[in-house]
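Enquirer: fold the following.
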Amino acid sequence: MAMNVCVLYSGGKDSNLALYKASKEMKIKCLVTVKPESEESWLFHYPAVDIVKYQAKALGIPLILDSCRDDEESSIKALYNVLEKAIEIYSVDGVVTGAVKSTYQATRFQRICWDLGLWCFNPLWQINESKFLHEIVNSGFEVIFTRVAGYPLKKELVGRKFTWEVVEMLLGLKEYINPSGEGGEYETLVLDMPMFHRKIEVEYEVYGSDYDASIRINDVRLIEK
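Expert: Sure, this is the predicted structure:
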């Protein structure tokens, strides 16, 4: 029998690919999202996080959403609370995360799961960066950049879609950044992927400067695929 799990969901490429992989072997009961105060959060994704409500509708999966301050203590407490709700409401036995290489994130997620008696699944953990980025494109994900936060990533990248050309560009910058963005060099938003029943369309503006720019979503629509 497939295990009942929730997915720690930010709306970006990592959590969506983790969800996609986990769905092949596990029963996804709900998504859990924690919204931080700002881009300064070390534990959670911030830009465009409000769009998770639309992504949950596109997926047809229930969402448990909470907010927190940017500090670690508040973040961990909020995550503990949403996972407690997932256990209570959906009887989950495990949590799926999109952690790739961040030991900081992974150890904190695992500790909370241990305290709650939950299994912690990290299907992307230590995945080869080239394989990871190519899998995003190969699997039919439509992804846009929502933030850049480090040299040499320029403002013009925000709002741009993940393509083969972009993936090769990121892999060519290994000297300067983690190509998967695991160090916070950039963040993303998934507008479509194989599990979505409808596609997300956004209107946005970009603010900031080269090496430190973000997206501001002004309008969101769910459209037929």
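Enquirer: let me see the domain layout of the chain.
Expert: For the chain, automatic domain parsing gives the domain ranges 4-121, 129-224.
Enquirer: by mean pLDDT, show me the worst of those domains.
Expert: Here the lowest mean pLDDT among the domains of the chain goes to domain 4-121, at a mean of 88.
Enquirer: which of the domains of the chain sits most buried?
Expert: Compared across the domains of the chain, domain 4-121 shows the largest average neighbour count, a mean of 19 (mean count of other C-beta atoms under 10 Å). Placement of C-beta: from N, CA and C, glycine included.
Enquirer: just how off-centre is that domain within its chain?
Expert: 9 Å (C-alpha atoms, centre = their mean, to the nearest Å).
Enquirer: what do you get for stretch 129-138?
Expert: Counting by C-alpha atoms, centre = their mean, stretch 129-138 is centred 15 Å from the centre of its parent chain.
Enquirer: kindly report the same for stretch 169-184.
Expert: Distance, centroid of stretch 169-184 to centroid of chain: 17 Å (C-alpha atoms, centre = their mean).
Enquirer: with just CA atoms, put that stretch into PDB.
Expert: Output of stretch 169-184 as PDB, limited to C-alpha atoms (Å, rounded to 0.1, in the frame of the first residue of the first chain):
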ATOM      1  CA  MET A 169      23.900  29.100 -19.300                       C
ATOM      2  CA  LEU A 170      23.400  28.100 -15.600                       C
ATOM      3  CA  LEU A 171      25.700  25.100 -15.900                       C
ATOM      4  CA  GLY A 172      28.300  27.300 -17.500                       C
ATOM      5  CA  LEU A 173      28.400  29.500 -14.400                       C
ATOM      6  CA  LYS A 174      29.500  26.800 -11.900                       C
ATOM      7  CA  GLU A 175      32.500  28.900 -11.000                       C
ATOM      8  CA  TYR A 176      30.200  31.600  -9.600                       C
ATOM      9  CA  ILE A 177      26.900  30.000  -8.500                       C
ATOM     10  CA  ASN A 178      25.300  26.700  -7.700                       C
ATOM     11  CA  PRO A 179      23.500  26.000 -11.000                       C
ATOM     12  CA  SER A 180      20.500  24.500  -9.200                       C
ATOM     13  CA  GLY A 181      20.100  27.700  -7.200                       C
ATOM     14  CA  GLU A 182      20.400  25.900  -3.900                       C
ATOM     15  CA  GLY A 183      22.500  28.600  -2.400                       C
ATOM     16  CA  GLY A 184      19.700  31.200  -3.000                       C
END
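Enquirer: and the spatially closest residue to I51 that is not a sequence neighbour, which of the three is it?
Expert: Among residues not flanking I51 along the chain, G11 sits closest, at 5.5 Å (C-beta to C-beta, 6 or more residues apart in numbering). At G11 the chain is in coil, as set by DSSP: H, G, I helix; E, B strand; the rest coil.
Enquirer: over to T188?
Expert: strand.
Enquirer: show residues contacting the helix or strand containing S214.
Expert: Assigned by DSSP states H and E, S214 belongs to strand 212-224. Under the contact criterion C-beta atoms under 8 Å, 6 or more residues apart in numbering, strand 212-224 has outside partners 39, 47-48, 50-51, 54, 57-58, 144-149, 154-155, 157-159, 189, 198-208.
Enquirer: show me how far that strand is from its chain's centre.
Expert: Distance, centroid of strand 212-224 to centroid of chain: 15 Å (C-alpha atoms, centre = their mean).
Enquirer: C-alpha coordinates for the longest helix along the chain, PDB please?
Expert: The longest helix of the chain (DSSP state H) is helix 72-90. As requested, C-alpha coordinates have been extracted for helix 72-90 and formatted as PDB (Å, rounded to 0.1, in the frame of the first residue of the first chain):
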ATOM      1  CA  GLU A  72      14.800  30.200  12.400                       C
ATOM      2  CA  GLU A  73      12.800  29.800  15.500                       C
ATOM      3  CA  SER A  74       9.600  31.200  14.000                       C
ATOM      4  CA  SER A  75      10.200  29.200  10.800                       C
ATOM      5  CA  ILE A  76      10.600  25.900  12.600                       C
ATOM      6  CA  LYS A  77       7.600  26.500  14.800                       C
ATOM      7  CA  ALA A  78       5.400  27.300  11.800                       C
ATOM      8  CA  LEU A  79       6.500  24.200   9.900                       C
ATOM      9  CA  TYR A  80       5.900  22.100  13.000                       C
ATOM     10  CA  ASN A  81       2.300  23.500  13.200                       C
ATOM     11  CA  VAL A  82       1.400  22.900   9.500                       C
ATOM     12  CA  LEU A  83       2.800  19.300   9.700                       C
ATOM     13  CA  GLU A  84       0.800  18.700  12.900                       C
ATOM     14  CA  LYS A  85      -2.300  19.800  10.900                       C
ATOM     15  CA  ALA A  86      -1.400  17.500   8.000                       C
ATOM     16  CA  ILE A  87      -1.200  14.600  10.500                       C
ATOM     17  CA  GLU A  88      -4.500  15.500  12.200                       C
ATOM     18  CA  ILE A  89      -6.500  16.200   9.000                       C
ATOM     19  CA  TYR A  90      -5.000  13.900   6.400                       C
END
